[in-house]
Structure formats: C-alpha cells, structure tokens
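Undergrad: Here is a sequence with its predicted model. Questions after.
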Amino acid sequence: MTTHTVIKKSFLTCLLLWAVNVFAQAPSRTLINKAFQRGEVLKYRLHYGVFDAGTATLNIQNENKIINGHSSYHVIGIGETRGTANLFYKVYDRYETFIDEQSISPLMFVRRVDEGGYKIKQDIVFDQEYHVINSNGKQFHNQPDYIQDMLSAFYYARTFPFDNETPGKVDSFTCFVDDKVWTLKIKFVRYDTLKSSVGKVRCMVFEPIVQTGRIFKKSEDLQVWISDDNNHIPLRAQANILVGSIRMDLVSYSGLVSDFDKLK
C-alpha cells in the first residue's frame, strides 16, 4: 500500500467521523427566558373534594451547578400528603431536575417516589447533543431534540410567548416519562379572571390533553389556569378523575422574575 493510499484512506476516515459527529448532534438552541429565575419558590395546596389533602412546593435553587460544561437551573419539587390524608394513603414525592440555562432542556432528572409504600427510584441523564438518554443504566438512543422530563416540561412551557392565543390552539412538545417518549399537547381554551388565594388575576386557561381510562374519563378532564403575564405561573389545576375531583391552588410565591400582575 502506497503512502498516498494510506493518506487518502486516513483523510476519508477522518471526514466520515467528522460527518457522523456533526449530523448526530442536535442544533444549538438558545431560548429567551423571561418567566423564571433562580430563587423562585411556588407553594401549592391540594384538595381532594372538600378535604385538604396535601402540599406541593417548587423551588429553583440559588445555585448554578455546571453539568458537562452547561450552566443549569436546579429545581426541586416536593409533594406530600398532610393531616388525615396520611391515615389513608401517605405520599412523599421528591423530584429534581437540572435544566440547561441556554436551551431550557433537562441535563439530569432525579425521582424519589413513596406513595402508600409503592416506591420509585429513578436517575436519568440526558445527552441532548447526541440524543441519548441514560435511565437507571439503560440507554435510549435517537431521542427527539431537547426532549423534556416531567418536571422540566413545566418550566419549558412557561417560556412560550402565548401571544394572541385563540380557542382551540394546540402547543406540543416531547417528554420522557417512565422510559417512554410522550407527546404532551396543551390546548388553549379561554381567557378568564381567577379569584385566588394570592389575589384576583387575569389568566389563560389550558387543557393538557390526557390519556383516558386509568384516571380520567375524558381527555379534557384536566384544566390549568396560567397567569397572563411574563411569569406564566400556574395558579390553579383542577382535575375530574374517576373517583372524584382534585384541585391544586397557588397559596404563596417569592423570587419572581417580574412583578405579578394582579387586578384591583
């Protein structure tokens, strides 16, 4: 084999490897985020029918953890039952997500669930550049660009502009939940004025399109009220389920990126 042939093959090999790397990577994305910042805390109260059933807290930590060279938002979400609800079905769920500050997509996700003795322990690493997800040691390749986890999806949706919403408009994006890829669809229903625990607020009402059968009777049995301002904070979520109704209301907040628009 001549020196010329060796050089030619080496060049072709390098070119092929370069092409594989370039075309395997997700395109770089930079999203403008005017909705949330580090230090934000949202606290909710859960009701099951007329009963006070529990609390939920979403806290963006005051830290910038660097993961694989990416600055991240570290979010901790905790949901737990309170009072008499613990006597029937005790729940303590802890979720953590590390969201890439530039692309608003997850880098890591941690899930610790204890619901009436049923426990889930899940650790997920997202390689958004090469479309690979590692879930408890199991790898999933060829994933959609900037796929979300179940907690980061909440913050990603808040960055949507929601300009000139019209009834029936549907926004959608992909999520990785329980080792499966789901397309989450959110349908705009109407504008509304909500009298809430934190004041009277102009809202946008959405219906996340849910699966029927296991929990919900109809796909529109879940509605969410989102503040119609830059913060896009969920103020209320209400669900009609097979065995009653559940409502979650915002009861306090702090550390918002911009002033909360309240109606007098």
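TA: Okay, I see it.
Undergrad: Within the helices and strands, which one has the one residue sitting closest to the centre of the chain?
TA: For the chain, the residue nearest the mean C-alpha position is A153 (2.0 Å; Cα atoms, centre = their mean). Assigned by DSSP states H and E, A153 belongs to helix 152-158.
Undergrad: And the next helix or strand past that helix?
TA: strand 170-177.
Undergrad: Please work out which residues outside that next one touch it.
TA: 124, 126, 133, 135, 140, 143-144, 147-150, 153, 156-157, 160, 181-188, 209 (Cβ atoms under 8 Å, 6 or more residues apart in numbering). Where you see a C-beta, it was placed from the backbone N, CA and C, and this is true even at glycine.
Undergrad: Write the PyMOL selection for whichever of the residues you listed are buried.
TA: Selecting only the buried entries of the contacts of strand 170-177 in PyMOL, with 16 or more other Cβ atoms under 10 Å as the criterion:
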select buried, resi 124+126+133+135+140+143+147+148+149+150+153+156+157+182+184+186+187+188+209
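Undergrad: From the contacts of strand 170-177, which land in strands?
TA: Among those, the residues falling in strands (DSSP state E) are 124, 126, 133, 135, 140, 181-188.
Undergrad: Tabulate the residues you listed (CSV), appending distance to D93 and pLDDT.
TA: Listed next are the ones in strands among the contacts of strand 170-177 as CSV, based on distance: Cβ to Cβ, whole Å; pLDDT from 0 to 100:
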residue, distance to D93, pLDDT
I124, 16, 98
F126, 21, 98
I133, 21, 98
S135, 18, 98
F140, 23, 98
V181, 22, 96
W182, 19, 93
T183, 24, 94
L184, 19, 92
K185, 24, 92
I186, 22, 93
K187, 27, 94
F188, 29, 96
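Undergrad: Name the nearest of the residues you listed relative to Y95.
TA: I124 (11.0 Å; Cβ to Cβ).
Undergrad: isn't the closest one right next to K138, touching?
TA: No - look at I124 against K138 with Cβ atoms under 8 Å: they stay out of range, at 9.8 Å.
Undergrad: Apart from its neighbours in sequence, what residue is nearest S72?
TA: Ranked by Cβ to Cβ, 6 or more residues apart in numbering and with sequence neighbours excluded, the top spatial neighbour of S72 is F98, at 4.3 Å.
Undergrad: Would you agree N62 is in contact with R38?
TA: Yes - in this structure N62 lies within contact range of R38 using Cβ under 8 Å: 5.2 Å.
Undergrad: More neighbours: which of the two?
TA: Of the pair N62 and R38, R38 is the one with more neighbours under other Cβ atoms under 10 Å, namely 15 against 11.
Undergrad: List the residues that contact that one.
TA: Contacts for R38 were tallied using Cβ under 8 Å, 6+ apart; they are 60-64, 73, 255.
Undergrad: Would you check which pair of those lies furthest apart?
TA: N64 and G255 (15.0 Å).
Undergrad: Would you mind telling me which of these two has more residues around it?
TA: Legend: neighbour count by other Cβ under 10 Å for N64 and G255, higher for G255 (14 against 11).
Undergrad: Apart from its chain neighbours, what residue comes closest to the more buried one?
TA: G39 (3.7 Å).
Undergrad: The one you found in helix, strand or coil?
TA: coil (DSSP: H, G, I helix; E, B strand; the rest coil).
Undergrad: Sketch out the helices for this structure, chain order is fine.
TA: Assigned by DSSP state H, the helices in the chain fall at 3-24, 85-88, 152-158.
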